[in-house]
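> My questions concern the predicted model and sequence given below.
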Amino acid sequence: MMVYLGYLFMGLTCVRLLVSFCNWWSRCYLPKPKKYTSRGGVSVLIPARNEANAIGFLLEDLMGCKDTIQEILVYNDNSTDDTAKVVRTYMERCAYIRLIEGDELPSGWLGKNHACHRLATEAHGDRLLFLDADVRVESDLIERAVSYMNEQGLTLLSVFPKQEMTSWGTRISIPLMNLILLSLLPLSLVRLSPWTCFSAANGQFMLFDAATYLHYMPHKLFKHNRVEDIRILKFFKERRLKVATLLGDQSIRCLMYRDLGSAINGFTKNIFYFFGGSQYLTIFFVLYTTIAPGWIFMFNGLEMGMIYLVCLVLIQLFVSLASKQSVLYNVLLMPVKQIVLVSIVYKAIQNFRNKTLIWKDRNILQ
């Protein structure tokens with residue numbers, strides 16, 4: 001029995017290795033188009049709550065994309081810092097930046113979902129691009145995204161930005177997101193397969209065909225969903241609408257978290273959704289990845305144990321290369337990252353039981 005369980009762990013790890021290799025080999029990045037097929041017509045929509053330290057950098061980047069952008073709308077979601085003041089300084093320099101002052105959050109809504117919905121109702125472009133305020137973009141990024149969307153006939157394109165890590169706390173936490181994603185989901189199948197189980201999206205960058213968005217109003221449909229990005233993409237796939245999710249390179253980056261505490265707190269709100277919303281699958285994954293190394297060495301022998309470790313290192317290698325992250329750090333920090341993953345899941349279970357998760361000064365589990 002113990003030996004067969006070891007074989008099961010080994011088989012799961014080989015599948016993850018194969019998926020990781022496919023994601024690295026398929027190079028799911030936004031391509032450089034042979035011909036740009038669109039200029040203008042993009043409404044950039046930025047929900048912002050206490051983003052004074054970040055939003056100026058994004059607005060500065062976006063002003064370099066002026067040939068593609070029709071308007072930039074920022075929704076100030078009752079910030080208590082200088083977010084609105086920063087935006088107004090850019091409005092003085094750029095006529096197509098507009099600030100929308102947020103009203104009180106209606107009952108039954110999450111803040112970001114409501115902000116995105118309000119932004120969409122004010123937009124006039126034929127493409128709606130939702131960007132988080134802590135994202136950075138290069139000047140041709142939006143034009144490349146629109147061209148790719150036109151070439152593929154997409155109604156929704158999401159991109160996982162390259163994550164910037166500025167502290168040891170973030171180096172042992174943020175890579176977990178792509179490790180789980182890229183070792184379990186062949187990203188190409190988000191576009192190629194009609195099955196909704198192959199779904200992934202990142203709300204940091206979501207580009208919609210405006211007519212399709214305004215027809216369904218997806219942020220309103222999923223107004224209390226904490227992982228509205230994945231749910232919206234699934235919703236589109238359920239209606240046989242063409243969608244795609246890609247990985248970001250240096251042309252799109254995000255400083256999502258600055259320290260370990262904020263990273264753990266952030267991941268606890270959506271860790272179950274990495275596994276289809278199932279707590280049981282999440283707990284199984286964490287238990288399997290935690291005990292499997294010792295188990296295989298103990299019950300399946302030294303040789304299989306060494307093969308298992310090589311598979312783990314190769315998974316880290318392919319995921320790191322695909323994510324544009326440091327292979328050395330990700331391999332050396334594997335044991336520490338596993339401890340952080342256990343901490344995230346434990347805290348998520350506690351939050352779920354207590355119905356308490358404070359995110360940007362709001363309890364999003366009520």
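Good, I have the coordinates.
> D77 and E104: what is the separation?
In this view, D77 and E104 are 10 Å apart by CB to CB, to the nearest Å. (Each C-beta comes from the backbone N, C-alpha and C, glycine too.)
> Which one of these two is surrounded by more residues?
D77 (23 against 7; other CB atoms under 10 Å).
> which residues sit against the lengthiest helix in the chain?
If you go by DSSP state H, the chain has its longest helix at helix 2-25. With CB atoms under 8 Å, 6 or more residues apart in numbering as the test, helix 2-25 has contacts from 182-188, 247, 288, 292, 295-296, 298-300, 304, 307-308, 311-312, 314-315, 318-319, 321-322.
> can you rerun that using 6 Å?
With contacts defined as CB atoms under 6 Å, 6 or more residues apart in numbering, helix 2-25 is touched by 182-183, 186-187, 292, 295-296, 299-300, 311, 314-315, 318-319, 321-322.
> With stretch 167-184 instead?
If you take CB under 6 Å, 6+ apart as the criterion, stretch 167-184 is touched by 16, 19-20, 23, 163, 165, 257, 259-260, 263, 274, 315, 319, 322-323, 325, 329-330, 333, 336-337, 340-341.
> Apply 8 Å and report the result again.
Stretch 167-184 is contacted by residues 16-17, 19-20, 23-24, 160, 163, 165, 187, 200, 256-261, 263-264, 267, 274, 285, 315-316, 318-320, 322-323, 325-326, 329-330, 333, 336-337, 340-341, 344 when judged by CB under 8 Å, 6+ apart.
> now swap in stretch 280-298 and tell me
With CB under 8 Å, 6+ apart as the test, stretch 280-298 has contacts from 2, 5-6, 9-10, 12-13, 180, 271-272, 274-275, 304-305, 308-309, 312, 338, 341-342, 345, 348-349.
> Spatially, which residue comes closest to the one residue sitting closest to the centre of the chain, not counting chain neighbours?
Centroid-nearest residue in the chain, with CA atoms, centre = their mean: N202, separated by 3.1 Å. Among residues not flanking N202 along the chain, F160 sits closest, at 4.7 Å (CB to CB, 6 or more residues apart in numbering).
> Correct me if wrong: that neighbour contacts R253.
No - the criterion here is CB atoms under 8 Å, and F160 misses it with R253 at 10.9 Å.
> Looking at these two now, which is surrounded by more residues?
F160 (23 against 20).
> Okay, helices next: where are they in the stretch 151-300 of the chain?
Applying DSSP state H, counting those that start in this stretch to the stretch 151-300 of the chain gives helices spanning 168-171, 175-184, 188-192, 210-216, 218-221, 228-238, 260-268, 279-299.
> Export the second one to CSV, keeping only CA atoms.
Put plainly, it is helix 175-184. What follows is helix 175-184, C-alpha atoms only, in CSV (Å, rounded to 0.1, in the frame of the first residue of the first chain):
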residue,chain,number,x,y,z
PRO,A,175,6.7,32.3,-7.5
LEU,A,176,4.1,29.9,-5.9
MET,A,177,1.4,31.4,-8.2
ASN,A,178,3.1,30.5,-11.4
LEU,A,179,4.4,27.2,-10.0
ILE,A,180,0.9,26.0,-9.4
LEU,A,181,-0.5,27.5,-12.6
LEU,A,182,2.2,26.3,-15.0
SER,A,183,2.6,22.8,-13.5
LEU,A,184,-1.1,22.0,-13.6
